[in-house]
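No sequence on hand, only this structure:
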């Protein structure tokens with residue numbers, strides 16, 4: 001949680017103060033009613049629609065706060081007022097610090113300007129000089145990764161390109177407050193993973209983050225507090241877990257029924273495929289171009305041992321990027337040893353698109369620590385490490401991180417990292433199952449039911 005990174009004195013400083021904010025829109029039934037209203041002083045030719053009603057809350061410096069609620073509850077309107085792109089009808093908002101905002105798609109960009117020009121324009125709006133933006137320019141375009149489109153007008157960009165550039169600018173202008181409105185729902189798994197790691201870093205720096213999301217897992221993993229909005233009002237503001245519980249309770253109450261879960265008894269485990277070493281060698285380079293591209297992001301390597309490639313294979317041994325729920329897969333890590341090492345430990349993380357850890361394992365946990373293959377490694381050796389498991393994780397986009405280290409005492413985490421690749425593979429899990437998954441992971445259960453009362 002972000003609160004774990006904050007210093008005590010930071011919690012005493014308010015980053016955002018929202019006091020009695022309301023927003024009213026005038027709804028006219030006919031176009032001519034607007035003109036009639038301009039000419040009339042006493043009669044109303046419109047109906048009032050209050051998008052927000054008496055909203056009051058404070059956000060402390062360094063907090064990450066989520067805003068959740070059904071569509072139409074006023075979330076985006078509130079963010080726009082906080083960012084100053086929309087005026088409140090009543091009340092006031094005070095912000096203390098430089099705000100970088102990712103609101104609706106394309107906001108903050110002039111569509112006629114090139115990407116280059118929009119970078120410098122956004123910097124100027126935030127009070128940064130051209131020289132300061134020039135110092136950040138290479139990092140911005142590297143993170144955005146939109147190629148030569150950076151020199152073309154933004155109106156020619158796809159939605160994904162716009163989000164890439166907007167997010168890259170926002171995180172590289174050293175914001176004290178970052179405001180995000182569902183922007184990260186656009187983009188592929190690799191870009192979403194990059195964003196998750198970037199957000200984690202700016203949280204560590206003490207940046208205040210306020211974001212709207214329908215992705216409840218993202219809110220839960222990033223936030224310590226949350227605002228639950230309903231029909232333009234704050235229904236709850238406080239602990240993130242309580243806010244989420246109230247949100248789900250409201251959904252169930254509105255539908256007036258509990259979710260129905262149907263459990264099917266399936267036993268369709270795919271048999272493990274035995275592949276000889278020559279076949280493995282023939283496929284060392286499958287997906288290598290993609291690995292070389294994504295693996296560079298925030299990679300930490302000593303050069304002594306490096307991952308040459310990472311693949312996720314189906315039960316037939318073919319590299320894939322889309323799998324069914326429950327499918328048996330093999331994670332294959334190909335490691336090149338460049339320098340003699342006494343011992344090596346290997347592992348992997350599977351994270352969701354928000355950077356939330358789903359699964360972790362390593363050779364110590366799997367009792368493979370003493371395998372002779374992991375000792376007395378010689379420069380020039382190449383190893384193929386296969387991890388086989390079932391993808392009992394819910395539908396969504398995921399990222400695999402790979403790590404190799406020289407262990408000291410792995411039981412207490414004493415290791416020397418040799419190669420850490422935060423994004424070594426990205427994949428998607430399709431729904432696949434007939435029943436919904438309400439947690440991140442489903443494990444197989446043995447269910448026993450006995451009647452203990454008599455009729």
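Arrived safely. These numbers come from a predicted model, not from an experiment.

Mind checking what helix or strand follows the helix or strand of the chain with the lowest mean pLDDT in sequence?
When the helices and strands of the chain are scored by mean pLDDT, DSSP states H and E, helix 277-282 comes last with a mean of 62. If you walk from helix 277-282 toward the C-terminus, the next helix or strand you reach (DSSP states H and E) is helix 288-294.

which helices and strands does that following helix pack with?
Helix 288-294 is packed against strand 305-313, strand 414-430, with contacts defined by 3 or more C-beta pairs under 8 Å, 6 or more residues apart in numbering; DSSP states H and E. From N, CA and C alone the C-beta is placed, and that goes for glycine too.

Identify whichever of these lies nearest to residue 134.
Of all the helices and strands packed on helix 288-294, strand 414-430 sits nearest to residue 134, with 28.0 Å by C-beta to C-beta.

That closest one vs strand 305-313, what angle?
Orientation of strand 414-430 against strand 305-313 (axes from the mean of the first three to the mean of the last three C-alpha atoms, to 10 degrees) gives an angle of 20 degrees.

Okay, buried residues for strand 414-430 please.
For strand 414-430, a neighbour-count test (16 or more other C-beta atoms under 10 Å) marks 415, 418-427, 429 as buried.

do the same with stretch 188-206
Neighbour-count burial for stretch 188-206, counted by 16+ other C-beta under 10 Å, picks out 189-199, 202-203, 206.

show me the contacts for residue 79.
Contact partners of residue 79, counting by C-beta atoms under 8 Å, 6 or more residues apart in numbering, are 67, 101, 103, 179, 181, 210, 212.

Mind checking which of those are in strands?
In strands, judged by DSSP state E, the following of the contacts of residue 79 are found: 67, 101, 179, 181, 210, 212.

which two from these end up farthest apart in space?
67 and 101 (13.4 Å).

More neighbours: which of these two?
residue 67 (27 against 23; other C-beta atoms under 10 Å).

thought that one was touching residue 223?
No - using C-beta atoms under 8 Å, residue 67 is not in contact with residue 223, being 9.5 Å away.

Please enumerate the helices of the stretch 101-250 of the chain.
With DSSP state H, counting those that start in this stretch as the criterion, the stretch 101-250 of the chain has helices at 115-125, 130-144, 159-172, 189-204, 216-222, 240-255.

Out of those, which is closest to residue 109?
That would be helix 115-125 among the helices of the stretch 101-250 of the chain, by C-beta to C-beta, at 4.9 Å.

Which strands or helices does that closest one pack on?
Under the contact definition 3+ C-beta pairs under 8 Å, 6+ apart, helix 115-125 sits against helix 130-144, helix 159-172.

ok, and for the last one, which residues are buried?
Same thing as helix 159-172. Applying a neighbour-count criterion of 16+ other C-beta under 10 Å, one finds 161-172 buried in helix 159-172.

Turn the residues you listed into CSV, columns for distance to residue 328.
Putting those into CSV (distance: C-beta to C-beta, whole Å) gives the following:
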residue, distance to residue 328
161, 37
162, 39
163, 35
164, 34
165, 40
166, 40
167, 36
168, 38
169, 43
170, 41
171, 38
172, 42
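
Quick one: classify the most centrally placed residue in the chain as helix, strand or coil.
The centroid of the chain falls nearest to residue 354 when counting by C-alpha atoms, centre = their mean (2.3 Å). When classified by DSSP: H, G, I helix; E, B strand; the rest coil, residue 354 comes out as coil.

Now it: closest residue in space that isn't a chain neighbour?
Spatial nearest neighbour of residue 354, chain neighbours left out: residue 218 (4.1 Å); criterion: C-beta to C-beta, 6 or more residues apart in numbering.

how close does that neighbour sit to residue 71?
17 Å (C-beta to C-beta, to the nearest Å).

Check residue 155 too.
Distance, residue 155 to residue 71, by C-beta to C-beta: 28 Å.

now swap in residue 166 and tell me
22 Å.

ok, now residue 51?
Per C-beta to C-beta, residue 51 is found 12 Å from residue 71.

related to what we said a few turns ago, got TSV for the ones in strands among the contacts of residue 79, with distance to residue 380 and pLDDT too?
Below are those laid out as TSV (distance: C-beta to C-beta, whole Å; pLDDT from 0 to 100):
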residue	distance to residue 380	pLDDT
67	55	94
101	52	85
179	51	90
181	52	81
210	52	92
212	52	87
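
Dump those residues into JSON lines; add distance to residue 28 as well.
Formatted as JSON lines, these follow (distance: C-beta to C-beta, whole Å):
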{"residue": "67", "distance to residue 28": "29"}
{"residue": "101", "distance to residue 28": "30"}
{"residue": "179", "distance to residue 28": "31"}
{"residue": "181", "distance to residue 28": "27"}
{"residue": "210", "distance to residue 28": "32"}
{"residue": "212", "distance to residue 28": "28"}
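
just for this structure, where's the confidence low?
Applying pLDDT under 70 to the chain picks out residues 1-12, 104-107, 183-187, 251-282, 409-414, 432-435, 455.

make it 50
Applying pLDDT under 50 to the chain flags the ranges 1-10, 255-275.

Find the residue closest to residue 96 in space, skipping its chain neighbours.
The shortest distance from residue 96 to any non-neighbouring residue, by C-beta to C-beta, 6+ apart, is to residue 15 (5.7 Å).

of all the helices of the stretch 101-250 of the chain, which lies closest to residue 43?
Comparison of the helices of the stretch 101-250 of the chain against residue 43 by C-beta to C-beta identifies helix 240-255 as nearest, at 37.4 Å.
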